[in-house]
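[1] Sequence and predicted model, in that order:
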Amino acid sequence: RDKIERIYKFCFLFSFMKNSKKAFFYALLTAVLWGTVPTVSKITLKNINFLQFTTYTLFFASIFMIFVLSFQKKLKSIKKYRKKDWLIMILMGIFGIFLPYLLYFGGINFASPTDAQILNNTWQIFAIFFAFLILKEKLTLSKIIAVLLGFIGVIFILRQGFSYSVSSLYFLGLMLALGSAVIDSLFYILGKKLSFETWFSLTTYYIFAFFSAFVSTILFSSFTKISFVSLIGIMYVGIFGIALPIALMFTALKLEKTSKIISISYLSPFLSLLFISIFLGDKIYLLQIVGLVLITLGIVINSREKS
């Protein structure tokens, strides 16, 4: 009863908060939720293959996003898009959502979640490179420094990975996580050239990503019986690790300046390391910390220039 009263009191006080404080809360909660994904994924992947895991998580993420879309009364947007637009959305769903998540979860499955998470975080570094090639954005000195710092950070992580394990599967996991980052950066850059309504298009991407994962599981794997504990882990990652953080980040960006909100998101990979260390008992090595700091520093330098 006391807990319920505290929740009501928090909700009441929260409704009177300034928009800046609400935005900070949403952004911080987003960083925390994102930070839990590698840990929960690693635990759940012990009992289910990563292709099946990707399918189920995308299913629950899609359901949640459809719910938000209907709540926003934006389902009518379906009528304004042409066949060409739908084809682009299908391709974005397959190659921009399904494929990077498959590679990311594969990276967590085969390598340590610490290394996989850090390497996946380099997508913003790769985005600088692709923005130069595709969008013809200027490659300034600060961007060059950001890219160099990012790639030096990657070298540190790969070096730690090799010293941690000589297994070919471990190396495969590192490459999958890095591949996920590359595709994520391409998805971000190509998405900037599209003019679709944001939440509707994102929901559509995730729906097509789920169907792609579903078909892939039928063709290359199978749907095996999963335990209740695994189901909880899958639902958590799909809803609280993927869909809800996206909704919270969108809300935060509407309430406060982008630069301030993005700055809070830098906490996410560091929180991931903390949760991995606490709940999985993994050792955090010096090379991993140095690599993460260099990558994050590169991202911060690039973000400051954009601000």
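    Looks like it arrived, so ask away.
[2] Strands of this protein, start to end?
    For the chain, strands defined by DSSP state E do not occur.
[3] By average pLDDT, which secondary structure element in it comes out worst?
    Ranked by mean pLDDT, DSSP states H and E, the weakest helix or strand in the chain is helix 2-15, scoring a mean of 56.
[4] which parts of whichever helix in the chain runs longest are buried?
    Scanning the chain for the longest helix, with DSSP state H as the assignment, gives helix 19-44. Within helix 19-44, the residues that qualify as buried by neighbour count (16 or more other C-beta atoms under 10 Å) are 22-31, 33-42, 44. Every residue, glycine included, has its C-beta placed from N, CA and C.
[5] now swap in stretch 209-225 and tell me
    209, 210, 211, 212, 213, 214, 216, 217.
[6] Just name the closest of these to residue 245, please.
    residue 209 (16.3 Å; C-beta to C-beta).
[7] contacting residues around the closest one?
    58, 62, 93, 94, 96, 97, 98, 101 (C-beta atoms under 8 Å, 6 or more residues apart in numbering).
[8] could you redo the last one with a cut-off of 6 Å?
    By C-beta atoms under 6 Å, 6 or more residues apart in numbering, the contact set of residue 209 is 58, 93, 97, 98.
[9] Show the contacting residues for residue 131.
    137, 189.
[10] Report the separation between it and residue 79.
    In this view, residue 131 and residue 79 are 33 Å apart by C-beta to C-beta, to the nearest Å.
[11] Ok, residue 281 next?
    52 Å.
[12] repeat for residue 174
    For residue 174, the distance to residue 79 - C-beta to C-beta - is 45 Å.
[13] neighbour-wise, which of these two wins?
    Neighbour totals were compared for residue 174 and residue 79, and residue 174 leads with 24 against 6 (other C-beta atoms under 10 Å).
[14] ok, that one touching residue 112?
    No - in this structure, residue 174 is not within contact of residue 112 by C-beta atoms under 6 Å, at 9.2 Å.
[15] need the contact list for the nearest residue to residue 102 once chain neighbours are set aside.
    Nearest non-adjacent residue to residue 102, counting by C-beta to C-beta, 6 or more residues apart in numbering: residue 54, 4.9 Å away. Each residue near residue 54 by C-beta under 6 Å, 6+ apart is listed here: 101, 102, 105, 213.
[16] go on, residue 177?
    107, 116, 119, 120.
[17] if you set the cut-off to 10 Å instead, what comes out?
    Going by C-beta atoms under 10 Å, 6 or more residues apart in numbering, residue 177 touches 100, 103-108, 110-113, 115-122, 157, 161.
[18] again with residue 300
    Per C-beta under 10 Å, 6+ apart, neighbours of residue 300: 124, 146, 149, 262, 263, 266.
[19] and what of residue 250?
    Counted by C-beta under 10 Å, 6+ apart, residue 250 has contacts 26, 30, 68, 198, 199, 202.
[20] Distance of the third one relative to residue 191?
    The one in question is residue 68. Where residue 191 is concerned, residue 68 sits at a distance of 19 Å (C-beta to C-beta).
[21] rewinding a little: among the contacts of residue 54, which two are most distant?
    The farthest-apart pair in the contacts of residue 54, when distances are taken by C-beta to C-beta, is 105 and 213, at 10.3 Å.
[22] Need the overlap of contacts for these two.
    Joint contacts of residue 105 and residue 213 (C-beta under 10 Å, 6+ apart) are 51, 52, 53, 54, 57.
[23] give me the number of residues near the second one?
    Other residues within reach of residue 52, judged by other C-beta under 10 Å, total 22.
[24] what separates it from residue 21, distance-wise?
    With C-beta to C-beta as the criterion, residue 52 and residue 21 are 41 Å apart.
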